[in-house]
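>>> got a structure for you, letters missing:
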Ligand code: NAP
């Protein structure tokens, strides 16, 4: 185990699968105690926790719906009760509903903005309350913000808000010694991207970057590890497009 995050406590929202799982495992491998948040997949979250523990790390699963500010507050309270502090927040939980404009319902819009934008906002607020100097907040947008794919309007609108929170709040959180950045991946080989798509569609989008393949979660996690670590403290208020040249 590499110990660059030894003594740090990381909260990863939406860590029961996909990118969140991979990042939780990587941060734990580098010495952080990790809270594995999930909404509705307790078995998967517990599997992530037991995998981390088997490799000698420390982790805890906490259920909370990131789309509710009250649940976000409870998540931070339970994190502090368990580990006494929080140093790293990965605002990863997200959903993607893709539909033509005419088919998007009010519920689709509200859920998308509640989980992706509101949840991120109130988690940042909680992090600012509990983190000390050297705190790291990393939000998650998407490179599709710059790609203008049809059917992605509600999703991309919610992520554009996330990017702006990062730019805006860097100046507010800097005096506390907290950095805040946004990682905006291109398409990644996870359920969020592949669900409901044909192999042809997946291959077509996968061929749109410079390297001609879909990103795997570790392509993104390694960049997040750097942003969460001790050497990235002078980076704040940035949106970093980790997309293999997709845009
Ligand atoms: P994913 O495979 O669909 O996993 C989503 C995770 O979020 C799951 O652990 C899920 O937990 C959790 N989650 C969903 N709703 C939640 C809620 N209300 N409260 C708490 N947790 C919730 O997604 P992913 O591909 O790993 O995406 C992770 C992040 O990267 C998202 O913010 C996404 O927008 C962004 N991103 C993804 C891609 C891509 O192509 N995959 C590209 C760019 C950006 P449960 O199972 O318990 O619901």
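Noted; the coordinates are in hand. None of these values were measured; they are calculated from a predicted model.

>>> quick one, what contacts the residue nearest the centre of the chain?
Most central in the chain under C-alpha atoms, centre = their mean is residue 92, positioned 1.8 Å from the mean C-alpha point. Applying C-beta atoms under 8 Å, 6 or more residues apart in numbering to residue 92 gives the contacts 12, 13, 14, 15, 19, 20, 23, 140. Glycine gets a C-beta too; all of them are placed from N, C-alpha and C.

>>> rerun that using 6 Å as the cut-off
Residues counted as contacts of residue 92 (C-beta atoms under 6 Å, 6 or more residues apart in numbering) are 12, 13, 14, 20, 140.

>>> Show me the one in those that has more neighbours than the rest.
residue 12 (33 neighbours; other C-beta atoms under 10 Å).

>>> pretty sure it is in contact with residue 91, am I right?
No: using C-beta atoms under 6 Å as the test, residue 12 is too far from residue 91 to be in contact (9.0 Å).

>>> With the ligand as the reference, measure out to residue 108.
Distance, residue 108 to the ligand, using C-beta to the nearest ligand atom, to the nearest Å: 14 Å.

>>> Report the contact partners of that residue.
By C-beta under 6 Å, 6+ apart, the residues touching residue 108 are residue 97.

>>> Point out where the protein drops to low pLDDT.
1 (pLDDT under 70).

>>> again, 80 this time
1-2 (pLDDT under 80).

>>> Do stretch 159-173 and the ligand come into contact?
No: using C-beta under 6 Å from any ligand atom, stretch 159-173 never reaches the ligand; the gap is at least 6.6 Å.

>>> That stretch: which residues count as buried?
For stretch 159-173, the neighbour count (16 or more other C-beta atoms under 10 Å) marks 159, 161, 162, 163, 165, 166, 169, 170, 173 as buried.

>>> Give the burial count for the nearest residue to residue 116 once chain neighbours are set aside, as a bare number.
Nearest residue to residue 116, sequence neighbours excluded (C-beta to C-beta, 6 or more residues apart in numbering): residue 158, at 3.8 Å. When neighbours are defined as other C-beta under 10 Å, residue 158 has 26 of them.

>>> same check, this time on residue 54
There are 8 residues near residue 54, going by other C-beta under 10 Å.

>>> Okay, the closest residue to residue 223 other than its chain neighbours and residue 218: tell me how far apart.
Distance criterion C-beta to C-beta, 6+ apart; nearest residue to residue 223, sequence neighbours excluded, is residue 242 at 4.9 Å. Going from residue 242 to residue 218 by C-beta to C-beta, to the nearest Å gives 11 Å.

>>> What of residue 60?
Residue 60 is 23 Å from residue 218, by C-beta to C-beta.

>>> neighbour-wise, which of the two wins?
Neighbours were tallied for residue 60 and for residue 218 using other C-beta under 10 Å; the higher tally belongs to residue 60 (19 against 15).

>>> contacting residues around the host helix or strand of residue 21?
Using DSSP states H and E, residue 21 maps to helix 18-29. The contact list for helix 18-29 (C-beta under 6 Å, 6+ apart) reads 10, 12, 14-15, 34, 36, 48, 52, 57, 59, 90, 92, 190, 217, 220-221, 224-225.

>>> And stretch 133-147, by the same measure?
Counting by C-beta under 6 Å, 6+ apart, 87-92, 120, 124, 127, 152, 156, 159-160, 162-163, 166, 177-184, 186, 224, 227-228, 241, 243, 246-247 sit against stretch 133-147.

>>> Right, I'll call it a day here.
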